[in-house]
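fold the following, please.
(one chain, ligands or ions: 1)
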Amino acid sequence: MNNVVKLVLESLSPEERGFYKGKRVLVVGGAGFIGSWLSEALHALEASVTCLDNMSTGSYRNLENLLGKERFELIEADITRAEIGKGYDVAFHGAAMPAPDMYMERPIEAMLPDSLGLLRVLESVEGRVVFMSSSEVYGDAEVIPTPESYHGKVDPLGPRSPYEESKRFGEALAMAFYRQRGKDVRIARIFNTYGPRLDPGSPYARVVTRFIERALAGKPLEVHGDGLQTRSFTFVSDTVGALLKLGACDNCAGEAFNIGSEEEVTILELAALVLELTGSSSPIVHVPPRQGDPRRRRPDTSKARERLGWKPRVSLGEGLMMTIEWYRGRGRG
Ligand SMILES: NC(=O)c1ccc[n+]([C@@H]2O[C@H](COP(=O)([O-])OP(=O)(O)OC[C@H]3O[C@@H](n4cnc5c(N)ncnc54)[C@H](O)[C@@H]3O)[C@@H](O)[C@H]2O)c1
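Numbers count the residues shown, from 1 in each chain. Sure thing, here's the model as predicted:
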């Protein structure tokens, strides 16, 4: 069994593992980075898994361990227009455009999956819905570590707003269905997640991928601004484990949970760590800051710890090593 899936399964209790057995589960955005690992873990838990994906950033390669297997189906469709069949026990909605360079270039398309797309999921799926929201709902947070009760500091006119505001709208829409129709919804506020399959070779690659690919190629690592802005990088097995715990939770309807590492690092520290772990002598160079880039990002995860029995299990050093090994191996097919 794959290392990431193994780590996910080890993080679940016997009850959580048993919850998914025989269930019909829809993963919207299932050919993407987090969605494909989630689908693989669900399949290993003996669920029947349907991935719905328009393959805009998702790939068949991400699904190579699932395509052609029993209890797995891929529907290629756009969630903003797709017909969704009945009978799903659980749906995870993770279709979005999370890479900053991409959503700043195509802000209109970026706003649709978590608004129109999520609406279709909430209207069609009979079972519970787990919405993959983001730490971006907090914007440039003034409370660090940030608890779920913090309401955010977001500029609706700023360049990050297509992503931030569509996540905020998605949360509000999910809560509207919960209050007006009694829909069982749960919200995961995911912090920066990285690991194998994170946008390889993409011109819009996110920071961990960019640093690893450039370090391995001996090219300069570009740091926006002074590099003292922080993030809390979470290894993908920890994020997927939390999503599965949230989906299996008995009394979590109508609530949001922070999912992220509390190991806060500056972007400069991340760059230095990637250089050390790859053994690269690439230089670090500074490029202009990104407009609206949040200064600090660190979750308060006490709610997920207490209510879901979840905690991050993979350190940044270990997770980066697994990711670097995957990028090295990918070149050899
Ligand atoms: N990776 C992170 O650091 C992070 C952090 C916070 C939140 N999230 C959220 O987690 C989810 C998964 O993110 P990811 O990092 O795996 O990104 P990703 O780009 O790898 O995955 C998104 C998937 O959604 C698909 N998709 C996009 N628009 C679609 C549409 N209209 N219809 C159907 N499919 C569509 C893409 O093809 C892709 O497979 C997203 O909702 C994202 O906002 C991710």
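
so which bits of this structure are right by the ligand?
The chain comes close to the ligand at residues 29, 31-35, 53-58, 78-80, 94-98, 113, 117, 132, 134, 190, 192-193, as judged by C-beta under 6 Å from any ligand atom. The way it works is simple: take the backbone N, C-alpha and C, and place the C-beta from them, glycine included.

buried members of the residues you listed into ChimeraX, please.
In ChimeraX syntax, the buried subset of the residues of the chain next to the ligand is picked out as below (16 or more other C-beta atoms under 10 Å):
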select :29,31,32,33,34,35,53,54,57,58,78,79,80,94,95,96,97,98,113,117,132,134,190,192,193
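
quick one, strands of this structure?
24-28, 48-53, 72-76, 90-93, 128-134, 185-190, 193-194, 221-224, 230-232, 234-235, 255-259, 264-266, 284-287 (DSSP state E).

to residue 147, which of those strands lies closest?
Checking the strands of the chain against residue 147 by C-beta to C-beta gives strand 255-259 as the closest, at 7.3 Å.

who does the closest one pair with, and is each partner parallel or antiparallel?
In the sheet, strand 255-259 lines up against strand 185-190 (parallel) (DSSP bridges).

got the angle between the strand it pairs with and strand 128-134?
30 degrees (axes from the mean of the first three to the mean of the last three C-alpha atoms, to 10 degrees).

what about the helices in this structure?
Remark: helices assigned in the chain by DSSP state H are 3-10, 14-20, 33-44, 100-105, 107-110, 118-124, 161-181, 207-217, 236-248, 267-278, 302-303, 316-331.

mind giving me CSV with those helices and columns for distance to residue 254 and mean pLDDT?
Formatted as CSV, the helices of the chain follow (distance: least, C-beta to C-beta, whole Å; pLDDT from 0 to 100):
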stretch, distance to residue 254, mean pLDDT
helix 3-10, 25, 97
helix 14-20, 19, 98
helix 33-44, 22, 98
helix 100-105, 28, 90
helix 107-110, 26, 96
helix 118-124, 13, 97
helix 161-181, 4, 97
helix 207-217, 33, 94
helix 236-248, 12, 98
helix 267-278, 35, 97
helix 302-303, 14, 98
helix 316-331, 31, 91
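
contacts for stretch 10-21, please.
9, 42, 45-47, 90, 237-238, 241, 244-245, 247-248, 309-310, 313 (C-beta atoms under 8 Å, 6 or more residues apart in numbering).

ends of it, how far apart?
16 Å (C-alpha to C-alpha, to the nearest Å).

got the buried residues for it?
Those would be 11-12, 16-17, 19-20, for stretch 10-21 by 16+ other C-beta under 10 Å.

repeat that for stretch 67-85.
72, 74-75, 78-80, 82, 84.

for the residue of the stretch 51-200 of the chain found nearest the ligand, which non-adjacent residue is closest in space?
Checking the stretch 51-200 of the chain residue by residue against the ligand with C-beta to the nearest ligand atom singles out residue 58 as nearest, at 2.3 Å. The shortest distance from residue 58 to any non-neighbouring residue, by C-beta to C-beta, 6 or more residues apart in numbering, is to residue 31 (2.8 Å).

give me the outermost residue of this structure relative to its centroid.
What lies farthest from the middle of the chain is residue 281; by C-alpha atoms, centre = their mean that is 30.4 Å.

what pLDDT does it get?
Looking at residue 281, its pLDDT is 96.

now do the one 10 residues further on
At residue 291 the predicted local confidence, pLDDT, stands at 83.

just give the nearest non-adjacent residue to it, would you?
Residue 291 sits nearest to residue 159 (C-beta to C-beta, 6+ apart), 5.3 Å away.

for the one you found, list the residues it contacts.
104, 107, 291-292 are the contacts of residue 159 under C-beta under 8 Å, 6+ apart.

next up, the contacts around the residue of the stretch 51-200 of the chain closest to the ligand.
By C-beta under 8 Å, 6+ apart, the neighbours of residue 58 are 29-32, 35-36.

can you pull the pLDDT of it?
For residue 58, the predicted pLDDT is 95.

again with residue 333
39.

let's number from 3 now, not from 1
Noted, 3 is the first residue going forward, which turns the last one into residue 335.
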